[in-house]
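Novice: The following block contains a protein sequence and its predicted model.
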Amino acid sequence: MSRRRAHRFVQCRLSPPLRAWVLALGLARALPAAAEAELGSSPADRHPDYPCLVALLQQLLDADGPGGTNTFHIGRVIEHPDQDHDTVRVYWPRSQAILLVQLGRAGCADPRQRHDDLALDWYRGKARIDLRRDVVADEAAMRGSSYLVSRPWVDEVVRDARERGVALTLRRASWRARRAAAAQSP
């Protein structure tokens with residue numbers, strides 16, 4: 001396949017909204033604190049999409065999380081004035097992960113909405129940084145990777161989420177409640 005043809009193939013595969021999301025995901029992983037300050041930030045619990053964020057975290061916890069209570073440290077909302085969404089980083093200590101979540105500015109339409117498996121898979125893979133596997137010592141060790149992050153970046157995100165963010169404690173639903181919710185999901 002020629003280079004020109006391969007490039008056209010990639011363009012056809014990534015729709016403009018998906019391209020914007022991939023760009024936002026890259027920014028969410030790579031932005032240093034100084035650049036975030038220029039974008040603007042606010043507490044997550046004041047964002048109009050916060051109820052849907054809580055519902056998403058509860059659904060992820062019910063689907064894949066460890067039993068018992070789990071505390072999520074929700075970082076400040078990174079506001080993107082040139083886009084139709086904002087971004088928030090969620091540190092989940094019991095799962096050793098940082099989740100990158102997009103928040104809609106229009107607010108939460110229905111906090112009872114259940115996400116399908118495709119949406120949950122996004123947060124299990126591309127929008128999740130596994131702190132046991134995806135962290136390297138420094139920027140040089142990343143070698144241009146699009147999924148690895150540096151230890152100083154992780155330390156800064158975790159510190160910021162714990163010190164300036166919102167702590168949210170949720171309990172994993174019982175197996176009966178999870179089974180009933182799965183039967184009702186689309």
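Specialist: Received, thanks.

Novice: all strands of this protein, in order?
Specialist: With DSSP state E, the ranges of strands along the chain come out as 41-42, 69-74, 77-79, 85-92, 97-104, 128-130, 135-136, 149-150, 166-171.

Novice: which of the residues in the fifth one are buried?
Specialist: In terms of neighbour count (16 or more other CB atoms under 10 Å), strand 97-104 has its buried residues at 97, 98, 99, 100, 101, 102, 103. (Each C-beta comes from the backbone N, C-alpha and C, glycine too.)

Novice: now swap in the second one and tell me
Specialist: Applying a neighbour-count criterion of 16+ other CB under 10 Å, the buried positions in strand 69-74 are 70, 72, 73, 74.

Novice: Below-threshold pLDDT in the protein: ranges please.
Specialist: Of all residues in the chain, those with pLDDT under 70 make up the ranges 1-40, 178, 185-186.

Novice: Pairing partners for the most centrally placed residue in the chain in the sheet, please.
Specialist: Among the residues of the chain, the smallest C-alpha distance to the mean C-alpha position (CA atoms, centre = their mean) belongs to residue 100, namely 1.7 Å. Under the criterion DSSP bridges, residue 100 forms beta bridges with residue 89.

Novice: roughly how far apart are residue 174 and residue 122?
Specialist: Applying CB to CB, to the nearest Å, one obtains 26 Å for the distance of residue 174 from residue 122.

Novice: the more surrounded of those two?
Specialist: Between residue 174 and residue 122, counted using other CB atoms under 10 Å, residue 122 has the larger neighbour count: 17 against 11.

Novice: Nearest residue to residue 71 in space, please, no chain neighbours.
Specialist: The spatially closest residue to residue 71, leaving aside those adjacent along the chain, is residue 169, at 4.8 Å (CB to CB, 6 or more residues apart in numbering).

Novice: cool, and residue 101?
Specialist: Nearest residue to residue 101, sequence neighbours excluded (CB to CB, 6+ apart): residue 88, at 5.2 Å.

Novice: Same question for residue 115.
Specialist: Closest residue to residue 115 apart from its sequence neighbours, by CB to CB, 6+ apart: residue 59 at 5.8 Å.

Novice: number of nearby residues for that neighbour?
Specialist: For residue 59, the count of nearby residues is 21 (other CB under 10 Å).

Novice: can you check residue 166 too?
Specialist: 20.

Novice: didn't it look like it was pressed against residue 44?
Specialist: Yes - judged on CB atoms under 8 Å, residue 166 makes contact with residue 44 at a distance of 5.0 Å.

Novice: with the buried residues of strand 97-104 in mind, which one is nearest to residue 115?
Specialist: Minimum separation from residue 115 among the buried residues of strand 97-104 (CB to CB) is found for residue 101, which lies at 11.4 Å.

Novice: Residue 55 is nearest to which of the strands of the chain?
Specialist: Closest of those to residue 55 is strand 166-171, at 10.2 Å (criterion: CB to CB).
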